[in-house]
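A.B. asks: sharing a model prediction with you, sequence too.
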Amino acid sequence: MTNIDYRRRQFLQYAALSTLATTLPGFALAENRELNQTPNKLFKADVEIALTAQTTDVSILPGAHTHVFKYHGKLLKGPQTALKELPGYLGPILNFEQGQKVRIYFYNQLPEPCVTHWHGMHVPQVMDGHPMYAIYLGEQYVYEFEVKNPAGTNWYHSHAHELTATQVYQGLAGLITISDEAERKLDLPSGEFDIPLIIQDRSFTNGNQLRYMLNRHQRMRGFLGDTILVNGQENSTIPVKTRAYRLRILNGSNSRIYKLGWNDGTPMTAIGTDGGLLEKPETLPYIMLAPAERVELWVDFSGRKPGSDLMLQSLAYQGSAAHMGGGMGGGMRQGMGRMDGAPVQNEVISIAKFHIAEQISDSPKLPTELVPMRRLNSQDISNPEKTIPIAIGMRHMAFQLNGRTFDMQGHTELEKIPVNSVQKIRIFHDNHGMGGGMRGGRGGMGMMMAMPHPIHLHGQQFQILSRKQNNLSGAYETVRDGFINNGWKDTVLVMPGEEIEIIKPFKDYTGLFLYHCHNLEHEDMGMMRNFFVS
Ligand code: C2O
Ligand code: CU
């Protein structure tokens, strides 16, 4: 057995301890797959990329290299800027333009099934990375799509059945930027002044190998690591000049929610969210960023002293399961919150240090207006009588959506959506679906129900119509000013007790489009369903 095999086995053993399913995940639907193995000759690609999911060893921590999964990219056609490799385990940053036609030859060189989802992108069903299109070792899948999204920050990651959490954890993720005409007119900070920050928490063995060991309770809560990585590196220090920057922040963690803030109390200025640029900049004291959410910040270091530092932190907050356990005896908090010393959701954590390295005199000014956005309202809703529910519930120690867990091609009557319609969707905690003995919130189940869930919908971006908090508590006060409700979104954090109404277009494409919790442990446990658009 080679060293690599050994480490791989070791990882799997850790993973297996936490797997509720008795079958080997991902292999259940081996047959009846439809693959897209050959390029479409009629599709004239502007950009062509070969993207291979493979095992490799990279440097993450000082010392021994870490065995990871990594997307290896190669530009076959198109502008050199379309692909930018990162050190570490993340896939290359893909830089697209609105209107470009993109072809990606995806190769799976992993010993397990894999599929790639272009998170945030509006693409046809067969290009969307639904787990039914997973490919096996040695196979290829050709993705072809036109970039319809406006300028913004999206990402891609594996989405294999019951393997998303472990595959993303081991490195299968990367950033996508899109630019367009409207953005270019704004003359936002670009080049070295446009910085991606992919935030992830990981844990390592003494030998620098990724560790992912979850007991049943930890799996219900989701993975929390003890080491923060930024762009796949530890202890991130970013040298900056005294001028304005654009920071593209992606929470690429499996389940950790960050309350982003500056250590000196400077407010945060957001210019973009999941779906692209905002209408105008928005200033908040802090920003809640749940797994899969993106935020683009305008940060101006002008006037700061060379040699000084500004720290991006996750601030303390309440309202996660770990906190909810507080009233239930210390043992629970310990058991639920901490995992081998990893900080719980609500502790202060340092993320990245910005070191003012050089004084310069010129800086661009923050535009007062960014891009126009048409607000969708009740008049746009195709069927005002029918609100589509997304009920968050739980049964048999598994989270559910609308009373069910994931079923590869399954969908119910209420999950059928007419194509080219605009729907109002209500996301809420369904406390009645909890079953006997779980009500009252005193038991372990009650506490688990009180978890925040980042709910993601595939396909087109949506807008947030309203947020309502049903059990106002002190906990909510610690997060309430950190939500950006204007702008296009594809993932929304639903806090305990919260009810959120969104409005979402389902244009252009028919077929199965997923909606799920982007706490990846929850997703893999089945907190995912299909909308059938027809
Ligand atoms: Cu980011 Cu369905 O995923
Ligand atoms: Cu969840």
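C.D. replies: Sure, I can see it. Ligands and ions are numbered 1, 2, ... in the order given.
A.B. asks: going forward, measure contacts between C-alpha atoms and count neighbours the same way
C.D. replies: Noted.
A.B. asks: find the nearest non-adjacent residue to the closest residue to ligand 2 within the chain, please.
C.D. replies: Of all residues in the chain, residue 453 sits closest to ligand 2, at 3.9 Å by Cα to the ion. Once flanking residues are discounted, residue 453 sits nearest to residue 494: 5.2 Å by Cα to Cα, 6 or more residues apart in numbering.
A.B. asks: now for the one you found, how many residues are close by?
C.D. replies: 23 (other Cα atoms under 10 Å).
A.B. asks: residue 243 now?
C.D. replies: Neighbours of residue 243 using other Cα under 10 Å come to 22.
A.B. asks: who are the neighbours in contact with it?
C.D. replies: 300-302, 360-364 (Cα atoms under 8 Å, 6 or more residues apart in numbering).
A.B. asks: what's the pLDDT at it?
C.D. replies: At residue 243, the predicted lDDT confidence score is 98.
A.B. asks: and for the one 4 residues further on?
C.D. replies: The predicted structure scores residue 247 at 98 on the pLDDT scale.
A.B. asks: do you know how far it is from residue 193?
C.D. replies: Separation of residue 247 from residue 193 (Cα to Cα, to the nearest Å) stands at 8 Å.
A.B. asks: neighbour-wise, which of the two wins?
C.D. replies: Ranked by neighbour count (other Cα under 10 Å), residue 247 and residue 193 place residue 247 first, with 20 against 15.
A.B. asks: isn't that one up against residue 192?
C.D. replies: No. Look at residue 247 against residue 192 with Cα atoms under 8 Å: they stay out of range, at 10.7 Å.
A.B. asks: where in the stretch 201-350 of the chain is pLDDT low?
C.D. replies: 320-342 (pLDDT under 70).
A.B. asks: now the closest residue to residue 231 other than its chain neighbours, what's its secondary structure?
C.D. replies: Closest residue in space to residue 231, ignoring its immediate chain neighbours: residue 198 at 4.9 Å, by Cα to Cα, 6+ apart. Secondary structure for residue 198, judged by DSSP: H, G, I helix; E, B strand; the rest coil, is strand.
A.B. asks: what about residue 198, how many neighbours?
C.D. replies: Every residue meeting other Cα under 10 Å relative to residue 198 is counted, giving 22.
A.B. asks: got the contact list for it?
C.D. replies: 175, 229-232, 249-252.
A.B. asks: state the pair within those that is farthest apart.
C.D. replies: Using Cα to Cα, the contacts of residue 198 span at most 14.7 Å, a distance reached by 175 and 229.
A.B. asks: where along the stretch 151-300 of the chain do the helices fall?
C.D. replies: For the stretch 151-300 of the chain, the helices defined by DSSP state H, counting those that start in this stretch cover 164-169, 181-186, 216-221.
A.B. asks: hey, where'd the strands end up in the stretch 251-400 of the chain?
C.D. replies: 258-262, 268-273, 276-284, 287-289, 294-300, 309-314, 349-358, 388-395, 398-401 (DSSP state E, counting those that start in this stretch).
A.B. asks: just checking, what packs against the second one?
C.D. replies: Packed against strand 268-273 by the contact rule (3 or more Cα pairs under 8 Å, 6 or more residues apart in numbering; DSSP states H and E) you find strand 152-158, strand 276-284, strand 294-300.
A.B. asks: include mean neighbour count when you put those into CSV, please.
C.D. replies: Shown next, in CSV, are the helices and strands packed on strand 268-273 (neighbours: other Cα atoms under 10 Å):
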stretch, mean neighbour count
strand 152-158, 26
strand 276-284, 20
strand 294-300, 23
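A.B. asks: how about TSV for those, with distance to residue 48 added?
C.D. replies: Shown next, in TSV, are the helices and strands packed on strand 268-273 (distance: least, Cα to Cα, whole Å):
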stretch	distance to residue 48
strand 152-158	16
strand 276-284	24
strand 294-300	26
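A.B. asks: out of those strands, which comes closest to residue 262?
C.D. replies: strand 294-300 (10.3 Å).
A.B. asks: before we move on, the earlier item: out of the contacts of residue 198, who has the most neighbours?
C.D. replies: residue 252 leads the contacts of residue 198 on contacts (other Cα under 10 Å) with 31 neighbours.
A.B. asks: isn't that residue right up against residue 197?
C.D. replies: No. Here residue 252 does not reach residue 197: they are 9.6 Å apart, not a contact under Cα under 8 Å.
A.B. asks: and the helices of the stretch 151-300 of the chain, which is most packed in?
C.D. replies: Highest mean neighbour count of these: helix 164-169, a mean of 24 (counted as mean count of other Cα atoms under 10 Å).
A.B. asks: packing partners of it?
C.D. replies: By 3+ Cα pairs under 8 Å, 6+ apart, helix 164-169 packs against strand 152-158, helix 520-524.
A.B. asks: would you format those as a markdown table with mean pLDDT included?
C.D. replies: Output for these, formatted as a markdown table (pLDDT from 0 to 100):
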| stretch | mean pLDDT |
| --- | --- |
| strand 152-158 | 98 |
| helix 520-524 | 97 |
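A.B. asks: would TSV of those with distance to ligand 2 be doable?
C.D. replies: Formatted as TSV, the helices and strands packed on helix 164-169 follow (distance: least, Cα to the ion, whole Å):
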stretch	distance to ligand 2
strand 152-158	18
helix 520-524	5
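A.B. asks: okay if I get these as a markdown table plus distance to residue 237?
C.D. replies: Shown next, in a markdown table, are those (distance: least, Cα to Cα, whole Å):
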| stretch | distance to residue 237 |
| --- | --- |
| strand 152-158 | 22 |
| helix 520-524 | 28 |
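A.B. asks: of the ones you listed, which is nearest residue 98?
C.D. replies: strand 152-158 (9.9 Å).
A.B. asks: strands paired with the closest one, and their directions?
C.D. replies: The strands beside strand 152-158 in its sheet (DSSP bridges) come out as strand 116-119 (antiparallel), strand 173-179 (antiparallel).
A.B. asks: nearest to residue 295, out of those strands?
C.D. replies: strand 173-179 (12.4 Å).
A.B. asks: what's the angle between that closest one and strand 276-284?
C.D. replies: 100 degrees (axes from the mean of the first three to the mean of the last three Cα atoms, to 10 degrees).
A.B. asks: how about stretch 284-294, does it reach ligand 2?
C.D. replies: No. Between stretch 284-294 and ligand 2, judged by Cα under 5 Å from the ion, nothing touches; the nearest distance is 10.1 Å.
A.B. asks: got the buried residues for that stretch?
C.D. replies: Judged by neighbour count (16 or more other Cα atoms under 10 Å), stretch 284-294 contains these buried residues: 284, 286-294.
A.B. asks: mind listing what residue 54 touches?
C.D. replies: Residue 54 makes contact with 69-72, 108-110 under the criterion Cα under 8 Å, 6+ apart.
A.B. asks: need those in a markdown table with distance to ligand 2, pLDDT and neighbour count, can you?
C.D. replies: Listed next are those as a markdown table, based on distance: Cα to the ion, whole Å; pLDDT from 0 to 100; neighbours: other Cα atoms under 10 Å:
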| residue | distance to ligand 2 | pLDDT | neighbour count |
| --- | --- | --- | --- |
| 69 | 24 | 98 | 25 |
| 70 | 25 | 98 | 27 |
| 71 | 26 | 98 | 28 |
| 72 | 30 | 98 | 21 |
| 108 | 28 | 98 | 22 |
| 109 | 30 | 98 | 20 |
| 110 | 27 | 98 | 18 |
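A.B. asks: for the residues you listed, give me JSON lines that also has secondary structure.
C.D. replies: Listed next are these as JSON lines, based on three-state DSSP:
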{"residue": "69", "secondary structure": "strand"}
{"residue": "70", "secondary structure": "strand"}
{"residue": "71", "secondary structure": "strand"}
{"residue": "72", "secondary structure": "strand"}
{"residue": "108", "secondary structure": "strand"}
{"residue": "109", "secondary structure": "coil"}
{"residue": "110", "secondary structure": "coil"}
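A.B. asks: show me which residues of the protein are close to ligand 2?
C.D. replies: Checking the chain against ligand 2 by Cα under 5 Å from the ion, the hits are 453, 517, 519, 522.
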